[in-house]
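Q: using only what follows, build the 3D model:
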Amino acid sequence: MTTTVTTRPAISAAGLRKAFGTKVVLDDIDLTVTEGTVFALLGPNGAGKTTMVRILATLLPPDGGSIRVAGHDLIGDPDGVRAAIGLTGQFSAVDRLLTVQENLRLMADLHRLGRGEGGRRVARLIERFDLGESARKPVSQLSGGQQRRLDLAMTLVGDPRLIFLDEPTTGLDPRSRHEMWRIVRELVAEGVTVFLTTQYLDEADELAARIAVLDHGRIVAEGTPDELKRRIPGGHLRLRFTDPHSLRTAASVLGSAHRDDEALTLQVPSDGDVASLRAVLETLDGVRVQPADLTIHTPDLDDVFFAFTGGPAIASDSAPAAASALASVPASKEIR
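A: Next up, the predicted model:
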């Protein structure tokens, strides 16, 4: 399938603001998400990630700012926004007493697809998400990974071109996470835009074309994963030796290294490229010393997160919880 690459914005926000009482949750946010890409929003607990998703999905009004989503003005045309988007929230939005097929048919009815088109779309989604063997089972009998696949399938019933995935793989086992990643990549290859919040930094690194780091209501860093990593110092080689004499000899010729006598290691500043690695090894060859082992550390998204927020990534922010299925409801349905 051929996908046309565009640079049109699926989301553009300027001066987005939101407060709950005296607590400012989003403070003058400027943001652009390009069509047909994955955009990942990272942030520590309470940063405002879920609040931003709720605003962009029309579930919560902003206090200020100019915002367009899927070509529609968020304030002037919220029905147009709702008709163009889908939302898979942090928590399952399916009816656990209904079967997989019944949940999907209910969503098709809400989208007023008609019996024929609705049935065809449900059948395609059941096949695509490998839910055929579970189609007639109550959702309560499904595994966590199957339930998350059903969540996403229900989001796709309305054929949205922009999908919000709010921590879609939280609690899933590694196999189920990778299956969700595969589905996300397929959607993007078809031209769908994905706005992703996640507590897994490797997930953002694997999927996102661009990443923004949100902290205390502000975007503190934004760029491609590689751009963000290059902004962080701290790349190094870690050399471990088998005896104190070799360690002391190596330290004497590698003057900028940090020495750990207890662990018998040296940490040598390096960007991890072949030239710097070769230079270190040649220097050690000159004094007839060889490390027992060598590891290369280059800054990753964990380092980026620590550098810009001062702490590790943790699950969701503390804004009021959303009813995650509402953004999938057609524009003709009132959202309260």
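Q: ok, which stretches of the stretch 201-336 of the chain are helices?
A: Remark: helices of the stretch 201-336 of the chain, listed N- to C-terminal, are 201-207, 225-230, 244-253, 274-286, 301-309; assignment by DSSP state H, counting those that start in this stretch.
Q: next, the buried residues of stretch 198-210.
A: Within stretch 198-210, the residues scored as buried using 16 or more other CB atoms under 10 Å are 198-201, 203-208, 210. (Each C-beta comes from the backbone N, C-alpha and C, glycine too.)
Q: give me the number of residues near residue 61?
A: When counting by other CB atoms under 10 Å, one arrives at 11 neighbours for residue 61.
Q: report the contact partners of it.
A: Residue 61 makes contacts with 55, 75, as judged by CB atoms under 8 Å, 6 or more residues apart in numbering.
Q: how close does it get to residue 208?
A: Distance check for residue 61 against residue 208: by CB to CB, to the nearest Å, it reads 27 Å.
Q: how about low-confidence regions in the stretch 1-150 of the chain?
A: Residue ranges of the stretch 1-150 of the chain with pLDDT under 70: 1-6, 90-92.
Q: mind running it again at 50?
A: Counting by pLDDT under 50, the stretch 1-150 of the chain contains low-confidence ranges at 1-3.
Q: before we move on, the earlier item: could I get the helices of the stretch 201-336 of the chain in a markdown table, plus columns for mean pLDDT and distance to residue 131?
A: Below are those laid out as a markdown table (pLDDT from 0 to 100; distance: least, CB to CB, whole Å):
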| stretch | mean pLDDT | distance to residue 131 |
| --- | --- | --- |
| helix 201-207 | 92 | 22 |
| helix 225-230 | 88 | 32 |
| helix 244-253 | 94 | 57 |
| helix 274-286 | 90 | 47 |
| helix 301-309 | 85 | 32 |
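Q: out of the ones you listed, nearest to residue 106?
A: Smallest distance to residue 106 across these (CB to CB): 29.2 Å, for helix 201-207.
Q: residues contacting the longest helix anywhere in the chain, please?
A: As assigned by DSSP state H, the longest helix anywhere in the chain is helix 174-189. Outside of helix 174-189, the residues that reach it under the criterion CB under 8 Å, 6+ apart are 1, 3, 36-38, 129, 143-145, 148-149, 152, 156, 163, 165, 168-169, 172, 194, 196, 200, 203, 206-207.
Q: apply 6 Å and report the result again.
A: Taking contacts as CB atoms under 6 Å, 6 or more residues apart in numbering, the residues outside helix 174-189 that touch it are 3, 38, 145, 168-169, 194, 206-207.
Q: and which of those residues is nearest residue 65?
A: Looking across the contacts of helix 174-189 and measuring by CB to CB, the closest to residue 65 is residue 194, at 22.2 Å.
Q: what residues are up against the closest one?
A: Applying CB under 6 Å, 6+ apart, one finds that residue 194 lies in contact with 38, 163, 165, 184.
Q: helix, strand or coil for it?
A: Recorded secondary structure, residue 194: strand (DSSP: H, G, I helix; E, B strand; the rest coil).
Q: what residues are bridge-paired with it?
A: With DSSP bridges applied, the residues forming beta bridges to residue 194 are residue 38, residue 163.
Q: for it, give its distance to residue 161.
A: Distance, residue 194 to residue 161, using CB to CB: 10 Å.
Q: before we move on, back to that, send me the longest helix of the chain as CSV with only the CA atoms.
A: Output of helix 174-189 as CSV, limited to C-alpha atoms (Å, rounded to 0.1, in the frame of the first residue of the first chain):
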residue,chain,number,x,y,z
PRO,A,174,6.3,-8.0,26.4
ARG,A,175,4.7,-10.2,23.7
SER,A,176,1.5,-8.2,23.9
ARG,A,177,3.3,-4.9,23.9
HIS,A,178,5.2,-5.8,20.7
GLU,A,179,2.0,-6.9,19.1
MET,A,180,0.5,-3.4,19.8
TRP,A,181,3.6,-1.8,18.4
ARG,A,182,3.1,-3.8,15.2
ILE,A,183,-0.5,-2.6,14.9
VAL,A,184,0.5,1.0,15.5
ARG,A,185,3.2,0.8,12.8
GLU,A,186,0.7,-0.6,10.3
LEU,A,187,-1.8,2.2,11.1
VAL,A,188,0.9,4.9,10.5
ALA,A,189,1.9,3.2,7.2
